[in-house]
Every structure is written in C-alpha cells, then in structure tokens.
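In: Generate a structure from the sequence data that follows.
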Amino acid sequence: MSWYSCTTKKMKIYTKIGDRGKTTFFGCGLVSKDDPRIETFGALDELQSVLGVTISFLEDEKLKEILTRIQNDLFQVGADIVGSKLAEKSMPRIQTSHIDELEKDIDILQDKLGMPTAFILPGGTKASAFLHLCRAITRRAERSLVKTQSVIDLNPELLRYVNRLSDFMYVLARDANKEVKEQQPIYKYMEQ
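Out: Residues are numbered from 1 along each chain as shown. Next up, the predicted model:
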C-alpha cells in the first residue's frame, strides 16, 4: 500500500444527491436544482463551454486571448455568486475595471464597424455564428442573474458586466464576418 492511498480519502465525481433533484451549493447546504443560483451557474457554465469551442477553431490570436480573458472573468462571476459575502474579503471580484475594459473594446469595434443599417441575422462565418450563440447564452445568464438577485445580495457589478458582455459578443460576431469580408446575413421582410 502506498503512502498516498493511506493518507487521502478517495473522492468520487458522483454523490447521488442529484438523483433527488438537489445539489450541494457551496456554503449553503443542499438546494434544489431549480434554485436561481444553480440556473445562473448552468448558464455561465454553458457560456464558458461554447466560448471554449469558439476559441478552439479561431486563428486570430488576439481574439483567442480576449475570449480566454472572458472565460476567466466568468469564473470570477461564479465565485462572486457562490461566496457573495466571502468574496468581499478573500475572492477576486468583478469590478468597474472589468466593465470599463469591455466598454473600451466595444467602442473600438463599434467605431470600426459603424451602426448596422438593418436587423442582423446570426450567421455568416463559423466564428460569427458561434459568437452570436455566445451572445444568446449571455442574455440567458443575465436573466438568471436577475432572478438570483431575488435570493441573495449580489455584487452590483455582476449584472453590469454580463449586460455589457452580451453587447460585446454582438460586435465581435459582426466583426468576425467583416474581418474575412463575409456578407453579414440580414433580416429581409417577406410578405405572406
């Protein structure tokens, strides 16, 4: 028998608690899986995963770096929700500087792209389509975050950050098409 096996408790990935519709929420004991905090975590997890897929096929190193930064920010959003009281002292938090950085990036892209002259349909390049998917998931995370505010006091910067993030995903999706001179799909009214 090795020293390691004598001194550590073997942990399993499954607990079977979820089989009853409950899950352990950090520091809060068991909560229902439809708790707004769990819904928000799920949306943030989905967003991080789709960002990972998007990053995996991108060639633009700068964009990969930006999206990876956002993935890290989203971990901070989650940590802030989990330990909203603890976060004030010991955990990194989303701050005004995170929002300022997003706004700066949005303004740079918006100046480059100009205002759209028609309603834009998600699509065009693969990158643009996935960034639009990220935008839609971000909006769902934002709605979940609003519900979470009814359960716990949240850092007010979280909602501002996620709101700005959906705007950023929108301009990134538009820019992904423009960068490769892909025609942006637009809404065309069709009479019945």
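In: now the strands for this structure?
Out: 22-25, 29-32 (DSSP state E).
In: Please identify the deepest-packed of these.
Out: With neighbours defined as mean count of other C-beta atoms under 10 Å, the strands of the chain peak in mean count at strand 22-25, which reaches a mean of 15. Where C-beta positions appear, they are placed from N, C-alpha and C, glycine not excepted.
In: so what strands line up beside that strand?
Out: Here strand 22-25 is paired, per DSSP bridges, with strand 29-32 (antiparallel).
In: Show me what the partner strand is in contact with.
Out: Strand 29-32 has contacts (C-beta atoms under 8 Å, 6 or more residues apart in numbering) with 17, 21-25, 37-38.
In: what does stretch 64-79 give?
Out: By C-beta under 8 Å, 6+ apart, stretch 64-79 touches 41, 44, 47-48, 51-52, 54-55, 58, 87, 91-94, 98, 105, 158, 161-162, 165, 168, 172.
In: Name the residues of that stretch that come out as buried.
Out: 66-67, 70, 73-74, 76-79 (16 or more other C-beta atoms under 10 Å).
In: Greatest separation within the contacts of strand 29-32: which pair is it?
Out: Pairwise distances across the contacts of strand 29-32 peak at 15.8 Å for I17 and R37 (criterion: C-beta to C-beta).
In: Give the residue from those two that has the larger number of neighbours.
Out: Per other C-beta atoms under 10 Å, whichever of I17 and R37 has more neighbours is R37, with 23 against 12.
In: Let's see the pLDDT reported for the more buried one.
Out: The model reports R37 with a pLDDT of 86.
In: The residue nearest to A129 when sequence neighbours are not counted: neighbour count?
Out: Using C-beta to C-beta, 6 or more residues apart in numbering and skipping residues adjacent in sequence, the residue nearest A129 is G123, 5.2 Å away. For G123, the neighbour count with other C-beta under 10 Å is 16.
In: I figured G123 hits F130, correct?
Out: No: contact criterion C-beta atoms under 8 Å: G123 and F130 do not qualify, at 10.4 Å.
In: where does this structure dip in pLDDT?
Out: Scanning the chain for pLDDT under 70 picks out 1-11, 25-28, 83-91, 192.
In: Helices of this protein, residue ranges please.
Out: 3-7, 36-57, 61-82, 96-113, 126-148, 156-179 (DSSP state H).
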